[in-house]
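Asker: next one to model:
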Amino acid sequence: MITIWGRTNSVNVQKVLWCCDELVLPYARIDAGLQFGRNDEPAYLAMNPTGKIPTLIDDDFVLWESNSILRYLVRQYGESSPLYPVDARTSSRIDRWLDWSLSTLQPAERPVFWTLVRTPAVERDLAKLAGDFEAVTQHWRMLDTHLQARFFLEGDKFTLADIVIGAYAKRWFGLEGVERPPLPNLERWYSRIATRSGFKKYVDFPLT
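Answerer: Numbering: from 1, shown residues only. Here you go, the predicted model:
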């Protein structure tokens, strides 16, 4: 039985839950992180020394880092799934987006999300927010260009790249109090992935 440690409003946990839905994988989930705590307890740190979420337990196998968990789930339980093909060139293109999401998109997105969603209005630094918002907007502009004439991020098949970037796209489109530029290709792609059951179950909620 698969067990996933992590709270449901974590974007990194949402990615893993969405993947489980795509693979029709049963699992148990245990709340951890922020208001739930537990991720700083010795028992948790013995599983995941980073103290972050999510952590996956599959029988006697323990794994942390959300994108590594995604790849493991498909390799272990979705051999014929198009989510992460075995072809080296295709999987490398998918890996590129998984890496980019953590190296580039998340660091740019995080300060905007925390300011607008998790910081009281009276404590917000609006001048800094303007610069942070412009920085993350440039990344979404790049994605809008990439998606021109594409159905999904990597061609005509839904993959792990769409799950990972889609979870962050919810944060982009779900933000209140900002004026987003028109990005028609990104918007069309987002409306397409937003119809998937895993997105509806685990991602499509007000930001908290």
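
Asker: just give me the neighbour total for Val62.
Answerer: By other C-beta atoms under 10 Å, the residues close to Val62 number 14. Where you see a C-beta, it was placed from the backbone N, CA and C, and this is true even at glycine.

Asker: now do Leu116
Answerer: By other C-beta under 10 Å, neighbour count at Leu116 equals 20.

Asker: in which helix or strand would I find it?
Answerer: Following DSSP states H and E, one finds Leu116 within helix 106-117.

Asker: buried residues, that helix. List them.
Answerer: 106, 108-109, 111-113, 115-117 (16 or more other C-beta atoms under 10 Å).

Asker: try stretch 186-194
Answerer: Here stretch 186-194 shows 186, 189-190, 193 as buried, counting by 16+ other C-beta under 10 Å.

Asker: for the residues you listed, which one is nearest Leu153?
Answerer: Set against Leu153, the nearest of those by C-beta to C-beta is Trp189 (7.5 Å).

Asker: other SSEs contacting the helix or strand where the closest one lies?
Answerer: Assigned by DSSP H and E, Trp189 belongs to helix 184-193. The contact analysis (3 or more C-beta pairs under 8 Å, 6 or more residues apart in numbering; DSSP states H and E) places helix 184-193 against helix 126-146, helix 160-174.

Asker: separation between the residue lying farthest from the centre of the chain and Ile165?
Answerer: Note on the chain: the largest C-alpha distance from the chain mean falls to Val122, namely 28.7 Å (C-alpha atoms, centre = their mean). As for Val122, its distance to Ile165 is 33 Å (criterion: C-beta to C-beta, to the nearest Å).

Asker: repeat for Gln14
Answerer: Between Gln14 and Ile165 the computed distance is 12 Å (C-beta to C-beta).

Asker: which one's more surrounded, these two?
Answerer: Legend: neighbour count by other C-beta under 10 Å for Gln14 and Ile165, higher for Gln14 (28 against 25).

Asker: show the contacting residues for the more buried one.
Answerer: By C-beta atoms under 8 Å, 6 or more residues apart in numbering, the contact set of Gln14 is 8, 167, 202-203.
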